[in-house]
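In: Test case, fold it:
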Amino acid sequence: MLSRRLEKLTSILEVAKAMTVQTDLDALLALILLEAKQVVDADRCTIYVLDPDSDTLWSRLAQGLETREIRLPLGQGIAGTVALHNQVVNIADAYQDDRFDRAVDEVTGYRTGSILAAPMRGTRGDVVGVIQALNRLDERPFDAEDEELLMALGGQAASAIQNAMLHEAIEVLFESFIRASVTAIEARDPVTSGHSERVARLSVALAEAVNRAESGPYAEVRFSPQDLRELRYAALLHDFGKVGVPEAVLVKENKLQPWQIEQLRLRFALARAGLERDHYRRRAEIREAGRAAEAPPDEGERDLRAQLDLLDQSWRFIERCNRPELRQEEDTCERLRQIGGLQVPAEQGMEPLLTEREIELLSIPRGSLAADERQEMEHHVVHTFRYLRSIPWTKNLCRIPEIAHAHHERLDGNGYPQALRGDQIPLGSRIMAIADIYDALTAHDRPYKPAMSHQAAIGVLAEEAARGLIDADLLVLFIGSITE
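Out: Alright, predicted model coming up:
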């Protein structure tokens, strides 16, 4: 008997060591449940955890039951009584005790006999939960030694559960912080709302596809649950640095800012008014000089109409050029310079109809950003790295800044901001690059371009892979991950 008791106490100490490193609450409860069953030789066990906010006990795990959660008020039933009074309850025959609820037995067909329920007490003696054992295997009632052993296990379990619940609360808090940060980023640019979440989902799916790979260069690579979590957070925060990008650049929809196109509209209106003024002034001068026959009225009107038509055509051309989805023709810049050669009145004399900066912006071959604006936008990854690096990440999340920093790098070294090549780029960043490009191509909320179909986007990615910009092996796995 002494050796058996020593064996059980040793077992409790061993499981106590395991409990101190287990932070997943469900896994911890399963560990406690298994040990409780063995330490008192019970047929079944249930662990109830106290929710002090609602004065209820809940159980995620109950051996022999299909349901994964049971809830009961404090003071109700055997477990509720133990939690309320912080005392052990040992019953030889459950059906002889009014506190026992037979409903579960009636539903499951199980016959409860003996019950031993012990409080799990924290370091200050407060009740954290209840361990309940049913039906000792030798069909005898539970004895005083069982009570002592279950109480000893309960004391160890209570501290572990409190730590796990604190860890879970911190995880929830951290998750909320991440989501709040993403919301703040996307609030500055509503056009890309949802982009970060989609990129995170696609990145994790691709990493899971890597885990399933049985051949190819990634057959031996495996992402642990912590690695997947790290990648997910890096993807959610990959655009965090956009908080440092000027608003005018971040949300620029067309090549000219609204105030610039309005200023240009007024300049065209002034040019139109100037042409009409000069025409009617000349007409008046001719009439005053009595030389009306020298310039027939209809000829002057035709000249005016031709000049006004040229202005209207020029304005319509500028409006087309201002749209970011328009691919510029080779002679676009030359035609804009011709329009810019027209003069309009100004305070200091005459000025060109288009400035050099306006010609530069309207000549942007793709998108809405000029070279200097694009540089500011691309600098968001540097902001991202600087901001994320200032956060004291835990050891298993410490690569988040590095992964997010490199998601615009390309295998040939022509990415930014570090011009990394090949394996210099973290695997998580190469994964995120594919997810980021795919979502940007297929997104339906971009005003500057229509959304691509899945097949068209895959075609673009295939071209990028063929040019050695993105990882072709990862792309194969990516295609499989989004079609499964």
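In: Just the element for the closest residue to S363 other than its chain neighbours, please.
Out: If the residues on either side of it in the chain are set aside, S363 comes closest to C333, at 4.4 Å by Cβ to Cβ, 6 or more residues apart in numbering. Bear in mind the C-beta positions are built from the backbone N, C-alpha and C, glycine included. Following DSSP states H and E, one finds C333 within helix 332-340.
In: Who are the packing partners of that helix?
Out: Using 3 or more Cβ pairs under 8 Å, 6 or more residues apart in numbering; DSSP states H and E as the contact criterion, the neighbours of helix 332-340 among helices and strands are helix 297-322, helix 356-362.
In: Buried residues in stretch 374-387, which are they?
Out: Taking 16 or more other Cβ atoms under 10 Å as the basis for neighbour counts, the residues of stretch 374-387 that come out buried are 376-377, 379-381, 383-385, 387.
In: and which of these is nearest L153?
Out: Nearest to L153 among the buried residues of stretch 374-387: Y387, at 45.8 Å, using Cβ to Cβ.
In: hang on, isn't the closest one packed against F240?
Out: Yes. Judged on Cβ atoms under 8 Å, Y387 makes contact with F240 at a distance of 5.7 Å.
In: circling back to that earlier point, could you give the angle of the helix holding C333 to helix 297-322?
Out: For helix 332-340 against helix 297-322, the angle between stretch directions is 140 degrees (axes from the mean of the first three to the mean of the last three Cα atoms, to 10 degrees).
In: mind exporting helix 332-340 as CSV, just the C-alpha atoms?
Out: As requested, the backbone C-alpha atoms of helix 332-340 are provided in CSV (Å, rounded to 0.1, in the frame of the first residue of the first chain):
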residue,chain,number,x,y,z
THR,A,332,0.5,61.0,-74.7
CYS,A,333,3.3,63.1,-73.2
GLU,A,334,3.8,64.9,-76.5
ARG,A,335,0.1,65.8,-76.9
LEU,A,336,0.0,67.0,-73.3
ARG,A,337,3.0,69.2,-74.0
GLN,A,338,1.1,70.7,-77.0
ILE,A,339,-1.8,71.4,-74.7
GLY,A,340,0.6,72.9,-72.2
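In: quick one on the thing from earlier: just give me the closest of the buried residues of stretch 374-387 to L149.
Out: Each of the buried residues of stretch 374-387 was checked against L149 using Cβ to Cβ; the closest is Y387, at 52.2 Å.
In: Quick check: next helix or strand after the helix or strand hosting that closest one?
Out: Here Y387 is covered by helix 380-389, with elements defined by DSSP H and E. From helix 380-389 onward toward the C-terminus, using DSSP H and E, the following helix or strand is helix 400-405.
In: give me the element I47 is part of.
Out: Here I47 is covered by strand 42-51, with elements defined by DSSP H and E.
In: So for the following helix or strand past that strand, what gets flagged as buried?
Out: Sequence order places strand 56-59 as the next helix or strand after strand 42-51, per DSSP H and E. Within strand 56-59, the residues that qualify as buried by neighbour count (16+ other Cβ under 10 Å) are 56-57, 59.
In: Return the member of the residues you listed nearest to D41.
Out: Where the buried residues of strand 56-59 are concerned, and distances follow Cβ to Cβ, D41 has its nearest neighbour in S59, at 21.1 Å.
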